[in-house]
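*Asks:* sharing a model prediction with you, sequence too.
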Amino acid sequence: MEATHLPLPDLLKHLRNSARMTQQQVADRLCAVTGTCTVTRHEVGRWEQGRVRPTSWLPALAEVLNVDLEMLERAPDRKSPSAPYTVPSDDVEQVSEVLRRTFLQHGIAAAAAPALRLHQDPRVIQALNVVGNDRLGGVADSLGELIDHYAQTIGALPPADVYDELLTVRSYASGILDRLGYAASRTDLVLATGWLSHLLAVAACDMGEHAAARVWCSDAERRSREAGHPELEAWAALTKAMIAWYQGRPRQSATQSASGQAVVPRGTVVHAKLAAQEMRAAAMAGDADGMTRARRQASKAIAALPPDAPTTGAFSIALSEDPPYTATSLLFIGRHREAVTTTNRVIATVYQPETRQRGEHPSGYARSLLILGLSHAALGQLEESVAAGHAALSGSRPAWPTMVLADKLDKVLAQQFADAHQTAEYHARYLEAINAPAAHHLQLPRAVEERG
């Protein structure tokens, strides 16, 4: 097929490869041409996967890729988005296949049989061996495809399984860096390695492995500075801020949030999320005025986002009428009725039924339900509170932050409705959830078996 007849996603990738540019180089040149800092390699990847049509960026893309604008404008959309970002019923087979296919395309052999399945060997794909140096030019993009895949699926797959696979890929990337030395293509690989470290930090956080998460955050920050890409450092700051918040250390969380905002401009997703996290930290600290100020800043940061800002995946933001974490913030400063209203609005707009059926945001949905349950409990509404708690614990992906909130609801119910049978039923369901095989990898505090 001639290039002029290709769908826009395939045409963009064809033109980029013809220009011998990586996705990161395209993103950097777009930022230079437009004078903004809002384009990332991940965004370029989304365009090439057909997930978003970059209508407003076509003039700049034409300049960067040295083609006529009309060629890009006339290119049709692809009929369907790329398959790797649909979470299938057999998630483990999907991930294993993505690993094999992407690496084998660039001359990398995985020590795994074609029919290997993750649930048969939870430490699957333990070795990825490089065969020859003649294909290293495409490795950064191959790693980028895997980063994009895990960014989309990390919130839906079991965190321990994702961690093990990411660790394998991260080890492989480190080996490639060692072999490259100080080659010209090193910067892109340094950045890809840093994004892998950040995703490992997210997975470790979901398991409650905070020491490991901080190590990976530190590595992501170091890679960010080496590559001259501050956005990665800001995402690492967000992960550390969230860990501190769930550990009940709001002032440290606020400090991390502020430091992350200082290194990236307004108009980026991570800046907006850090502003929202600072709002939530102020609320936990009981600083209602600080929470209000931070909420205004978060609203301004969200208003500055481009219209095609990602709303799914690890590097996304859930957009509603209010900044993320507004309901949680209202809960902590005692505005419980507003918290109920806001949470219901978030559930209706962000976690729609069709979204839940596709397997998106399972942990975020569960946490929203638990915030709703805590808000109802604060209003003395036992039935509504317990119903929300049971719905949250019915999910198939337990994660440490979710269980922190579930534990809090368990304690609140025991304090306020000690003799109610609904409280005992929720407590039993909570114990069942934290003792289930799927939760065995989580580092959780010991629960009280009996109420007395």
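*Replies:* Everything's here; your move.
*Asks:* wait, isn't residue 10 in contact with residue 76?
*Replies:* No. Between residue 10 and residue 76 no contact is recorded; they are 10.2 Å apart, counting by Cβ atoms under 8 Å. (Glycine included, C-beta is placed from N, CA and C.)
*Asks:* so between these two, which is more surrounded?
*Replies:* residue 10 (16 against 12; other Cβ atoms under 10 Å).
*Asks:* wait, a helix at that one?
*Replies:* Yes. Using DSSP: H, G, I helix; E, B strand; the rest coil, the assignment for residue 10 is a helix.
*Asks:* and the residue nearest the centre of this structure?
*Replies:* residue 314 (1.2 Å; Cα atoms, centre = their mean).
*Asks:* surely that one is within a strand?
*Replies:* No. Assessed by three-state DSSP, residue 314 does not belong to a strand; its assignment is coil.
*Asks:* and it, what does it touch?
*Replies:* 150-152, 154-155, 199, 202 (Cβ atoms under 8 Å, 6 or more residues apart in numbering).
*Asks:* the stretch 101-250 of the chain: helices as residue ranges?
*Replies:* Here the stretch 101-250 of the chain has its helices, by DSSP state H, counting those that start in this stretch, at 139-153, 159-180, 186-207, 210-227, 230-246, 250-263.
*Asks:* turn those into JSON lines, including mean neighbour count, mean pLDDT and distance to residue 436.
*Replies:* JSON lines is the format used below for these (neighbours: other Cβ atoms under 10 Å; pLDDT from 0 to 100; distance: least, Cβ to Cβ, whole Å):
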{"stretch": "helix 139-153", "mean neighbour count": "23", "mean pLDDT": "81", "distance to residue 436": "21"}
{"stretch": "helix 159-180", "mean neighbour count": "19", "mean pLDDT": "84", "distance to residue 436": "13"}
{"stretch": "helix 186-207", "mean neighbour count": "25", "mean pLDDT": "92", "distance to residue 436": "15"}
{"stretch": "helix 210-227", "mean neighbour count": "20", "mean pLDDT": "95", "distance to residue 436": "22"}
{"stretch": "helix 230-246", "mean neighbour count": "24", "mean pLDDT": "96", "distance to residue 436": "20"}
{"stretch": "helix 250-263", "mean neighbour count": "20", "mean pLDDT": "97", "distance to residue 436": "29"}
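*Asks:* make CSV out of those and add distance to residue 296.
*Replies:* Shown next, in CSV, are the helices of the stretch 101-250 of the chain (distance: least, Cβ to Cβ, whole Å):
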stretch, distance to residue 296
helix 139-153, 29
helix 159-180, 34
helix 186-207, 28
helix 210-227, 28
helix 230-246, 19
helix 250-263, 14
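*Asks:* among those, which is nearest residue 345?
*Replies:* Minimum separation from residue 345 across those (Cβ to Cβ) falls at helix 230-246, 22.0 Å.
*Asks:* compute the inter-axis angle for the closest one and helix 210-227.
*Replies:* 160 degrees (axes from the mean of the first three to the mean of the last three Cα atoms, to 10 degrees).
*Asks:* and helix 230-246 with helix 250-263, angle?
*Replies:* Interaxial angle of helix 230-246 relative to helix 250-263 (the same axes, to 10 degrees): 170 degrees.
*Asks:* so how far is helix 230-246 from its chain's centroid?
*Replies:* 12 Å (Cα atoms, centre = their mean, to the nearest Å).
*Asks:* so after the host helix or strand of residue 283, what's the next helix or strand?
*Replies:* Residue 283 is part of helix 269-284, with elements assigned from DSSP states H and E. The C-terminal neighbour of helix 269-284 among helices and strands, as given by DSSP H and E, is helix 288-303.
*Asks:* now for that next one, which elements pack on it?
*Replies:* helix 269-284, helix 326-332 (3 or more Cβ pairs under 8 Å, 6 or more residues apart in numbering; DSSP states H and E).
*Asks:* and the angle from it to helix 269-284?
*Replies:* Angle of helix 288-303 versus helix 269-284, following the same axes, to 10 degrees, is 160 degrees.
*Asks:* quick one: mean pLDDT for the helix holding residue 283?
*Replies:* In this model, helix 269-284 carries a mean pLDDT of 97.
*Asks:* send the alpha carbons of that helix over as CSV?
*Replies:* C-alpha atoms of helix 269-284 as CSV (Å, rounded to 0.1, in the frame of the first residue of the first chain):
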residue,chain,number,x,y,z
VAL,A,269,-1.7,15.8,33.1
VAL,A,270,0.8,15.1,35.8
HIS,A,271,0.8,18.8,36.9
ALA,A,272,-3.0,18.7,37.2
LYS,A,273,-2.9,15.4,39.2
LEU,A,274,-0.2,16.7,41.5
ALA,A,275,-2.3,19.8,42.2
ALA,A,276,-5.3,17.6,43.0
GLN,A,277,-3.2,15.4,45.3
GLU,A,278,-2.0,18.6,47.1
MET,A,279,-5.7,19.4,47.7
ARG,A,280,-6.3,16.0,49.1
ALA,A,281,-3.3,16.2,51.4
ALA,A,282,-4.4,19.6,52.8
ALA,A,283,-7.8,18.1,53.5
MET,A,284,-6.3,15.2,55.4
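*Asks:* ok, back up a step: quick one: the residue nearest to the centre of the chain and residue 36, what's the gap?
*Replies:* For residue 314, the distance to residue 36 equals 22 Å [Cβ to Cβ, to the nearest Å].
*Asks:* what does residue 9 give?
*Replies:* Residue 9 is 22 Å from residue 36, by Cβ to Cβ.
*Asks:* between those two, which one's more packed in?
*Replies:* In this view residue 9 and residue 36 are compared by other Cβ under 10 Å, and residue 9 has more residues nearby, 23 against 14.
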